[in-house]
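1. Sequence and predicted model, in that order:
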Amino acid sequence: MRALYPFTAIIGQDEMKLALLMVAVDPSISGVLVFGDRGTGKSTAVRSLANLLPPMRVVTGCRYHCDPGANGSGCEECQERGRAGRLPSELVPVPMVDLPLGATEDRVVGALDLERALTRGEKHFEPGLLARAHRGFLYVDEVNLLEDHLVDLLLDVAASGENVVEREGLSVRHPARFVLIGSGNPEEGELRPQLLDRFGLSVEVTTPDDVATRVEIVRRRDAFERSPAKFLETWLPEEERVRAQIETARRLIAQIVVPDAMIEHTTKICMRMGTDGLRGELTLVRAARALAALEGCGEVDLTHITRAAPATLRHRLRRNPLDDSGSSARIDRAISELSGA
């Protein structure tokens, strides 16, 4: 198996790394969109995140990674087995599944196992990428180039949390709840608004513009390629530290208090920015809570709201033809005005 570059060895992209850690702590934030220049570590950071995630407990033998403590919300097979007695379980790595741009619909949602149908005469469902990604992460590189019919599939499943397949005499329904992560270059096209709205966080990555950072990036990457095992060993303590930080944050997050004053502040920010609906407020509260959990704080304060706001809101803003400043600058200005008031 090919070695993955350590997440903690990535430098110069702090906002992207923080956004990925926040969804690792609280999957209900609903995904991360990473847009920016080519060669800035987008794919590297996403794939290396999988090495930091604590293993998850699944029903032994389940093709959909069902949670043994799901209380009847698992797949049909696990529900039937659960009625007969306690389900056996095991620990497995959290899935990080790539969705290729050229994937067929059958590969994504699953299809009839033709070999089994022809050799045994049995109708048997072969799970697709959505089944493999359940309770994990589904990663789409160049997400802005994804074909419309696959976008429609993702939107349907993301909204319902279930994948329903009815074809060739098969009728299969299984849970498919995952964190959607997309990356791409904005110069190659924009995302459909419906899909854009499904990402909880959006971060912008750019090529570092200072010599020291660029030199250090090249030096570390060269060291990794020359001796992956040695490089991974060097960064193992830091990887273990962040893994423990994620585990601790997951335990703490249910106990973190979000004062009414902070909820009111998030609402004022979203109203000032003119975001549609209430998803902006809900996501900002969740992101601020995840950030507080990562930092070991028992209560969300103004600094957490301020730091989480750009990633939460920049992709939800309406375009203002009279304001040529970037979305991040508009958010910072709104927060400063509210703080001054």
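-> Yes, it's here. It should be emphasised that the depicted structure is a prediction, and the values quoted were computed from it without experimental measurement.
2. quick one: residue 152 is in a strand?
-> No - checked against DSSP: H, G, I helix; E, B strand; the rest coil, residue 152 lies outside a strand; its state is helix.
3. residues contacting it?
-> Under the criterion of C-beta atoms under 8 Å, 6 or more residues apart in numbering, residue 152 has no neighbours. Placement of C-beta: from N, CA and C, glycine included.
4. Any stretches of the stretch 51-200 of the chain with poor pLDDT?
-> 72, 113-123, 168-169 (pLDDT under 70).
5. Helices of that one, residue ranges please.
-> Shown for the stretch 51-200 of the chain, the helices assigned by DSSP state H, counting those that start in this stretch span residues 76-84, 105-109, 114-120, 129-133, 148-160, 193-196.
6. so of those, which one's packed in deepest?
-> Mean neighbour count (mean count of other C-beta atoms under 10 Å) peaks for helix 129-133 among the helices of the stretch 51-200 of the chain, with a mean of 23.
7. rewinding a little: export the helices of the stretch 51-200 of the chain as JSON lines, with columns for distance to residue 142.
-> As requested, the helices of the stretch 51-200 of the chain are arranged in JSON lines below (distance: least, C-beta to C-beta, whole Å):
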{"stretch": "helix 76-84", "distance to residue 142": "35"}
{"stretch": "helix 105-109", "distance to residue 142": "16"}
{"stretch": "helix 114-120", "distance to residue 142": "30"}
{"stretch": "helix 129-133", "distance to residue 142": "16"}
{"stretch": "helix 148-160", "distance to residue 142": "12"}
{"stretch": "helix 193-196", "distance to residue 142": "13"}
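8. surely residue 21 meets residue 287?
-> No - using C-beta atoms under 8 Å, residue 21 is not in contact with residue 287, being 10.8 Å away.
9. So if I had to pick from those two, which one is more boxed in?
-> Between residue 21 and residue 287, counted using other C-beta atoms under 10 Å, residue 287 has the larger neighbour count: 29 against 20.
10. Excluding covalently adjacent residues, which one is nearest to the more buried one?
-> Excluding the flanking residues, the one nearest residue 287 by C-beta to C-beta, 6 or more residues apart in numbering is residue 308, at 4.0 Å.
11. Looks like the one you found contacts residue 292 (just checking).
-> No - contact criterion C-beta under 8 Å: residue 308 and residue 292 do not qualify, at 9.4 Å.
12. so what sits against both of the two?
-> Common neighbours of residue 308 and residue 292 (C-beta under 8 Å, 6+ apart) do not exist.
13. Restricting to C-alpha, output stretch 207-222 in PDB.
-> Extracted C-alpha coordinates of stretch 207-222, given in PDB (Å, rounded to 0.1, in the frame of the first residue of the first chain):
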ATOM      1  CA  THR A 207       0.100  29.200  -3.600                       C
ATOM      2  CA  PRO A 208       2.300  30.500  -0.700                       C
ATOM      3  CA  ASP A 209       3.900  33.800  -1.700                       C
ATOM      4  CA  ASP A 210       6.900  33.800   0.700                       C
ATOM      5  CA  VAL A 211      10.200  32.200   0.000                       C
ATOM      6  CA  ALA A 212      10.700  30.500   3.400                       C
ATOM      7  CA  THR A 213       7.300  28.600   3.300                       C
ATOM      8  CA  ARG A 214       7.900  27.400  -0.300                       C
ATOM      9  CA  VAL A 215      11.400  26.300   0.400                       C
ATOM     10  CA  GLU A 216      10.200  24.300   3.500                       C
ATOM     11  CA  ILE A 217       7.300  22.700   1.500                       C
ATOM     12  CA  VAL A 218       9.800  21.500  -1.200                       C
ATOM     13  CA  ARG A 219      12.300  20.300   1.400                       C
ATOM     14  CA  ARG A 220       9.700  18.200   3.200                       C
ATOM     15  CA  ARG A 221       8.200  16.800   0.000                       C
ATOM     16  CA  ASP A 222      11.600  15.800  -1.300                       C
END
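14. returning to what we had before: out of the helices of the stretch 51-200 of the chain, which gets nearest to residue 97?
-> Of all the helices of the stretch 51-200 of the chain, helix 129-133 sits nearest to residue 97, with 4.2 Å by C-beta to C-beta.
15. Does anything pack onto that closest one? Which helices or strands?
-> When contacts are defined as 3 or more C-beta pairs under 8 Å, 6 or more residues apart in numbering; DSSP states H and E, helix 129-133 packs onto strand 96-98, helix 105-109.
16. and if we set it to 6 Å?
-> strand 96-98 (3 or more C-beta pairs under 6 Å, 6 or more residues apart in numbering; DSSP states H and E).
17. and the closest residue to residue 231 other than its chain neighbours, how far is that from residue 157?
-> Spatial nearest neighbour of residue 231, excluding adjacent residues (C-beta to C-beta, 6+ apart): residue 224 at 4.3 Å. Separation of residue 224 from residue 157 (C-beta to C-beta, to the nearest Å) stands at 35 Å.
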